Structure formats: C-alpha cells, structure tokens
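Student: Pasting the sequence and the predicted coordinates here, then a few questions.
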Amino acid sequence: MSFFKKFFTKKKEEDLDKGLEKTKTGFFNKLSKAVAGKSTVDVEVLDELESMLIASDVGLDTTIKIIERIEERVKRDKYINTSELDEIMREEIVALLQENNTDDLEDFTVPTDKKPYVLLVVGVNGVGKTTTIGKLAYQLKKKGYKVVIGAGDTFRAAAVGQLKIWADRVGCDFFSKGMNTDPAAVSYETVDYAIRNGCDVAIIDTAGRLHNKVNLMKELGKIKRSASKRFEGAPHDVMLVLDATTGQNAIEQAKQFTAATEVTCLALTKLDGTAKGGVAIGISDQFQIPIKYIGIGEGMEQLQVFNKKAFVESLFKK
C-alpha cells in the first residue's frame with residue numbers, strides 16, 4: 001500500500017471513529033455497567049445488554065435477534081467470560097449485517113455497464129438529502145466521473161437553489177426546469193441531458209414531502225417511469241436518505257417510503273450528532289436494504305461508503 005493510500009485510509013478510519021464517538025461513549029458506558037462485578041455472561045448480563053441495545057436505537061426486533069445469537073453462543077461454548085462479550089457481539093452484528101445484503105464497499109464507484117447510471121434520491125425535508133447529494137457528487141467527480149444533478153424538488157425554492165450551490169461548489173453539471181414544474185419532466189429531461197452530454201452519473205432529487213402513501217406512491221411511480229422512458233432500466237437505484245438523529249422516527253420513514261416505492265439502498269446521515277448510531281443496524285436488519293453511504297460530519301469528505309466491518313470495528317473500538 002502506498003504512503004498516500006495509507007494516509008487516506010487512516011484519515012477515513014479516524015473520521016469514522018470521531019463520527020461514532022457519541023454512540024460509542026453511550027454504548028460502552030452501558031456495557032461496562034452490564035458486566036460490572038460479573039465474570040460470566042448470565043441472564044442478568046443479557047437483560048442489561050438488551051436494554052443497552054434498545055437505548056442505542058438498534059430496535060426491539062433486531063435486539064432480540066442479537067441477544068438470541070449471544071444466548072446460542074453461551075449455550076454452545078458453556079463458559080463465556082464477560083471479557084469476551086465485545087468480540088462475540090462484534091462477530092454477531094457483522095454476521096447480521098452480512099445476512100441483510102449489506103456489502104462491504106471500499107470506495108465511491110458506479111456500475112460500468114450503465115451509462116448514465118441514474119440514481120433517484122428520496123427522503124423527507126430536513127434529513128440531509130440535499131447535502132448528501134452534493135457530497136456524493138463531489139466524491140464521484142473526484143473519482144473521475146462526469147456527474148449531473150437534477151433538481152426534481154420543484155415545490156421548494158430553497159431545494160433548487162441549494163442544489164445549484166452544491167453543483168457550482170463541486171463543479172458538476174446541473175439541470176433544472178425551475179420552480180413549480182412537473183418533477184417527472186425533470187426526471188426525464190435530466191436523464192436526457194446526461195445522455196446528450198456524456199455524463200456517467202445522473203443524481204435526481206425528489207420532493208421531500210411525506211404526504212399520504214397513495215399520493216407518494218403515485219408521484220414516485222411517475223418520476224421513475226419518466227426516467228425509464230428516456231433510458232430503459234433507469235433509475236438504476238432508488239436511495240432513501242434517513243437522519244440517524246431521529247432514531248425510531250427514521251425507521252418509521254423507512255416504512256413509509258419502502259411501502260411507496262422500491263428502495264434499493266440507504267444513506268444514513270448525521271451519525272456524528274447522535275448517541276443512537278445503532279439505528280444503522282436496526283434499519284438494515286428490518287428492511288433488508290443495504291446501507292450504501294453514511295454521513296459522519298459536515299465536511300465534504302465526511303460522506304463515506306458504508307463498510308460493515310469498519311463500522312462495527314469502530315463501534316467497538318475503545
């Protein structure tokens with residue numbers, strides 16, 4: 001590994017460690033309490049562990065799965081010391097994420113057999129959707145991809161203006177039809193722009209309104225169909241952006257959007273601002289949708305691809 005690759009890998013690890021600091025502090029304070037005065041993993045330790053995972057917003061169903069896995073290990077291995085609990089939990093959470101289709105990503109890439117690769121971005125206002133689009137465009141452009149951002153949230157002036165600022169900042173292409181225009185038309189014409197201008201990636205924003213499920217389904221369905229009319233198979237991914245600081249509310253939003261459209265990947269923002277980063281584990285488990293990106297700070301470089309092993313290693317790093 002070259003010096004520069006080592007440097008940037010180390011920087012990414014440090015950013016991740018810092019981004020998860022609040023979650024780790026709460027997590028290990030509670031874990032220390034759970035095992036205080038105990039030498040083996042018994043029922044009382046497991047009860048404390050269950051409370052700790054729920055408090056970290058892992059979610060009840062996912063917490064039960066993790067506890068059951070640890071119970072199986074305790075039964076199988078007969079005598080497990082509390083000092084081994086960190087390693088056991090680390091292994092079981094990584095295994096759970098593996099089962100939930102969460103791949104280990106090493107860097108920002110897009111499929112080479114789809115040009116342009118079309119990404120539709122959904123999520124409610126305030127979750128960091130616009131910022132995530134801007135940072136993703138930055139990361140992809142840095143890798144040599146030609147990127148266009150389509151301003152499909154045409155009902156909110158701030159959304160169009162903010163995306164234009166990000167496009168200018170990043171130095172990528174920008175497509176807009178202005179305010180109060182049809183989002184489906186923006187979808188079609190952004191893809192058309194990408195094809196005509198030789199773009200590798202088209203990232204299309206959508207309106208961040210969580211209205212009733214029927215209207216949401218109709219709107220997103222129309223936007224998707226418009227993209228596919230111009231380029232068969234588009235959009236190639238539908239990414240739902242969720243705010244980690246909202247905890248269980250993020251899970252509720254995921255329920256609404258997955259019921260309305262086929263969400264294929266997730267971006268989890270603001271992990272640095274919460275002690276409840278365990279929501280990443282719960283969301284992945286409950287919806288069987290891979291987490292693709294995580295936001296761990298405000299800087300341009302602080303959108304990272306999600307690597308389950310790196311995430312769990314950092315979570316358990318003291």
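Tutor: Sure thing, it's come through. This structure is a prediction, so every number in the text was calculated from the model and none was measured.

Student: Report the contact partners of Ala137.
Tutor: Val147, Ile149, Trp166, Ala167, Val170, Cys172, Val201, Ile203 (CB atoms under 8 Å, 6 or more residues apart in numbering). Where C-beta positions appear, they are placed from N, C-alpha and C, glycine not excepted.

Student: how close does the second one sit to Ile204?
Tutor: In other words, Ile149. To Ile204, Ile149 is 8 Å away according to CB to CB, to the nearest Å.

Student: In contact with the residue nearest to Leu303 when sequence neighbours are not counted, which residues?
Tutor: Of all residues not flanking Leu303 in the chain, Lys135 sits nearest, at 3.9 Å (CB to CB, 6 or more residues apart in numbering). Taking CB under 8 Å, 6+ apart, we find Lys135 in contact with Gly295, Met300, Gln302, Leu303.

Student: out of these, what pair is the most spread apart?
Tutor: Farthest pair in the contacts of Lys135 (CB to CB) is Gly295 and Met300. Separation: 11.1 Å.

Student: Looking at these two, which one has more neighbours?
Tutor: Neighbours per residue (other CB atoms under 10 Å) separate Gly295 from Met300, with Gly295 holding more: 25 against 15.

Student: Do me a favour and get the backbone dihedrals for the more buried one.
Tutor: phi -100, psi 120 (degrees, to the nearest 10).

Student: Could you list everything it pairs with in the sheet?
Tutor: Leu303 (DSSP bridges).

Student: And it, how far from Val74?
Tutor: 36 Å.

Student: And for Glu92?
Tutor: Separation of Glu92 from Val74 (CB to CB) stands at 12 Å.

Student: Find the residues that touch each one of those two.
Tutor: By CB under 8 Å, 6+ apart, no residue touches both Glu92 and Val74.

Student: dump the residue contacts of Val147.
Tutor: With CB under 8 Å, 6+ apart, Val147 has these contacts: Ala137, Leu140, Lys141, Val170, Cys172, Asp173, Cys199, Asp200, Val201, Ala202, Ile203.

Student: The first one: what secondary structure?
Tutor: It refers to Ala137. helix (DSSP: H, G, I helix; E, B strand; the rest coil).

Student: Also Val148?
Tutor: Going by three-state DSSP: Val148 is strand.

Student: Run through the residues that contact it.
Tutor: So Val148 contacts 116, 172-175, 190, 193-194, 197, 199, 201-203 (CB under 8 Å, 6+ apart).

Student: which of those are buried?
Tutor: Buried members of these, counted by 16 or more other CB atoms under 10 Å: Pro116, Cys172, Asp173, Phe174, Phe175, Thr190, Tyr193, Ala194, Cys199, Val201, Ala202, Ile203.

Student: And those, which two are furthest apart?
Tutor: Maximum distance among these (CB to CB): 14.6 Å, for Pro116 and Phe174.

Student: Tell me which residues of the helix or strand where Trp166 lies come out buried.
Tutor: Here Trp166 is covered by helix 157-170, with elements defined by DSSP states H and E. By 16+ other CB under 10 Å, the buried positions in helix 157-170 come out as Ala159, Val160, Gln162, Leu163, Trp166, Ala167, Val170.
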